[in-house]
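Chemist: below is the sequence, then the predicted model.
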Amino acid sequence: MKPFYEELTQHIAVMNLAQSCAESVEFSANLLQKTFESGSKVLLCGNGGSAADAQHIAAEFVVRYQLKRRALPAIALTTDTSILTAHANDFDFDSVFARQIEALGNAGDTLIAISTSGNSKNIVQAAQIARAKNLNVIALTGESGGSLAEFSTHLITVPSKITARIQEVHILIGHYWCGVVEEGLNVSEFA
């Protein structure tokens, strides 16, 4: 059995390397703040563990992160099983998130597109349609950025090829964003 400390050591090493994306993370936090301040919304998508991260981050925005405050408009495009299965059955899975952005996305909204490889076809297509509709696109990826890099307005690449380590940094980034957004709210917006 692999000792736990080896896993922990690997985690810490990637977290230390992730400092290289601090500027992009902070810039994106300000973009999310402006998105909510303007009355626009945040849409999120991902597959597997990245879908779970999308749902987790959306929940923190809608419900709360650390402070009792007004709900913020965020939608994880990964949660409606009727839409997901109907679209996958009638068309394909590659455009399942793009279709939802076509229906729900407006200029000024922000899409958070999460893919550890940056090459998930349905995430890349979501970013393409989001850009065509003048949404901001924050891409959370692993070290190369993959095909998603081309269609993002703000690219955050975690310097690792290990999916689990990338996802651990992604959720840390999501929590950071939620904290920054909450700190920036006016006192009148607190419940």
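Modeler: Happy to help now that I have it. Numbering: from 1, shown residues only.
Chemist: and the residue nearest the centre of the protein?
Modeler: residue 112 (3.5 Å; C-alpha atoms, centre = their mean).
Chemist: which ones are touching the nearest residue to that one once chain neighbours are set aside?
Modeler: Counting by C-beta to C-beta, 6 or more residues apart in numbering, residue 44 is the residue found nearest to residue 112 once chain neighbours are left out, at 4.5 Å. Where you see a C-beta, it was placed from the backbone N, CA and C, and this is true even at glycine. Counting by C-beta atoms under 8 Å, 6 or more residues apart in numbering, residue 44 makes contact with 54-55, 57-58, 74-78, 111-114.
Chemist: tell me which helix or strand comes right after the lowest-mean-pLDDT helix or strand in the chain.
Modeler: Lowest on mean pLDDT, DSSP states H and E among the helices and strands of the chain sits helix 4-17, with a mean of 91. Sequence order places helix 22-37 as the next helix or strand after helix 4-17, per DSSP states H and E.
Chemist: same for that following helix, what does it pack against?
Modeler: The contact analysis (3 or more C-beta pairs under 8 Å, 6 or more residues apart in numbering; DSSP states H and E) places helix 22-37 against strand 42-45, strand 110-114, strand 136-141, strand 154-157, helix 163-184.
Chemist: low-confidence bits of the protein, can you list those?
Modeler: 187-191 (pLDDT under 70).
Chemist: the same query, at a cut-off of 90, please.
Modeler: Applying pLDDT under 90 to the chain flags residues 2, 17, 185-191.
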